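Student: give me the fold of what follows.
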Amino acid sequence: MTSLLALGPDALADFVAERGGQRFHAKALRRNVVARGVLDYASMTDLPAALRARLDEDLPIFSGRLGAVSEARDGTRKLLLSFSRGGEAEGELAVETVHIPPHKPLDGDGSPRGATLCVSSQAGCPVGCPFCASGLLGLERNLEHHEILEQFIRGRDLGPLRRAVVMGIGEPLLNLENLERALDAVRDEMGLGARKITVSTVGFPGRLRRLAERSPRFQLAISLHTPFQEERDELVPAMAGVPIEDVLAAGDHWFETTGREVTYEYVLLGGVNDSPRHAEALANRLRGRRCGVNLIPYNPTPELPYARPGSGDPEAFQEFLQERGVVATIRWSRGLHGAAACGQIGRAHVSTPVTTISRM
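Tutor: Residues are numbered from 1 along each chain as shown. Next up is the predicted model:
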């Protein structure tokens, strides 16, 4: 059975007309769900009652099934969604989405602050970073545009959104067509501005350059994690053999083409990539570039053999970069005690071996 979000405008209009409605009712349906967040037909009082009853029987709003919603001590909530495996495959596959409440409930002007939503772009992840729970999953399939949009709508149902990050399960640049279609709906129909949406990638140079030429309307983050080539080949297996210089050059091209600075993400792994030697090499690579660094202290995952940096080490790493002219911030992840923090997404389910992908 199809779902409301999966149908395009003409197909949805046809579906409505076949059940006694008018074609313009399709726009009202979409507006109720995507723009207003009305998630049951009975509450769509701008539609005829008979049509609502038929649609309630024939057209589910979502294609996914909402399973567990877990909550960490800091209020971060993780949604477990189940989607069909697709094609002739039987059963379901799992995807996780995280709703992160604001540190402060009010802005300076007294208006409420919204949450941050962390969204997945694939079911499973083909990149295979050994310090990330998602890397244990392997790739099941790309998510369809409506499955990505569903995460935004379900997340908003937990509370208003201030911003969103596509930093959940999966590599966004390997599912770009579906992602862009979903983000267009988020921007144009849900009203979340493009500058409030950040897409995170491991930085395929060719794909990044082509993407920049399309003038996408979102922010970009590139996961770097180390300034040393051999080390990055191990920490980001999907990028093995891709020179760091090429990744940085693609980041420079992004800024020159879009006018938006890149954020380089750097997970600090205790005793692995958090030494003064690493900080100095990273500063040498980034000095003079229009970019910033987001330092993320590792969030422990029992299945993985890594540890957080020692007390004070993230601050020392940050200070070293800043003294050398590199803008750096520390991101202490929320949801740590609910397996909902950065690097922990995907712990609820382990699947197939990592799928080989193109580095174009």
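
Student: if I look at the nearest residue to Ala240 once chain neighbours are set aside, what pLDDT would I see?
Tutor: Among residues not flanking Ala240 along the chain, Asp233 sits closest, at 4.1 Å (CB to CB, 6 or more residues apart in numbering). Any C-beta I mention is one placed from the backbone N, CA and C, and that applies to glycine too. Asp233 is assigned 98 on the pLDDT scale.

Student: ditto for Met360
Tutor: Met360 is given a pLDDT of 35.

Student: likewise Gly108?
Tutor: 65.

Student: likewise for Ala194?
Tutor: At Ala194, pLDDT is 89.

Student: that older thread, what residues are up against the residue nearest to Ala240?
Tutor: The contact partners of Asp233, by CB atoms under 8 Å, 6 or more residues apart in numbering, come to Met239, Ala240, Gly241.

Student: so which of these comes closest to Ile148?
Tutor: Distance to Ile148, by CB to CB, is smallest for Met239 among the contacts of Asp233, at 23.4 Å.

Student: who touches the closest residue to that closest one other than its chain neighbours in this structure?
Tutor: Spatially, and ignoring its direct neighbours in sequence, Met239 is nearest to Val202 (5.5 Å; CB to CB, 6+ apart). Applying CB under 8 Å, 6+ apart to Val202 gives the contacts Val127, Cys129, Glu171, Ile222, Ser223, Val236, Ala238, Met239.

Student: sort out for me which of these are in strands.
Tutor: Among these, DSSP state E puts Ile222, Ser223 in strands.

Student: and the residue nearest to Ala240, which of the three is it?
Tutor: Here Asp233 is helix, with the state taken from DSSP: H, G, I helix; E, B strand; the rest coil.

Student: from Ala212, how far off is it?
Tutor: Relative to Ala212, Asp233 is positioned 25 Å away (CB to CB, to the nearest Å).

Student: sorry, back to before: quick one: buried ones out of the contacts of Asp233?
Tutor: Met239 (16 or more other CB atoms under 10 Å).

Student: which of the contacts of Asp233 fall in helices?
Tutor: Among the contacts of Asp233, none falls in helices (DSSP state H).

Student: list just the nearest of the contacts of Asp233 to Ala28.
Tutor: Distances from Ala28 to the contacts of Asp233, taken by CB to CB, are shortest for Met239, at 46.0 Å.

Student: I'd guessed that closest one sits against Gly203; true?
Tutor: Yes: counting by CB atoms under 8 Å, Met239 touches Gly203, with 7.1 Å between them.

Student: show me where the stretch 101-250 of the chain has its helices.
Tutor: 145-157, 176-185, 205-213, 229-235, 244-258 (DSSP state H, counting those that start in this stretch).

Student: of all the ones you listed, which lies closest to Ala279?
Tutor: helix 229-235 (13.8 Å).

Student: quick one, strands of this structure?
Tutor: 65-71, 77-84, 92-100, 115-118, 122-125, 138-142, 161-166, 197-201, 219-223, 262-268, 291-297, 328-330.

Student: most tightly surrounded among those?
Tutor: strand 122-125 (a mean of 28; mean count of other CB atoms under 10 Å).

Student: what pairs with it, and is each one parallel or antiparallel?
Tutor: Strand 122-125 pairs in its sheet with strand 138-142 (antiparallel), by DSSP bridges.

Student: got the end-to-end distance for stretch 189-202?
Tutor: 29 Å (CA to CA, to the nearest Å).

Student: wait, stretch 28-38
Tutor: End-to-end for stretch 28-38, by CA to CA: 11 Å.
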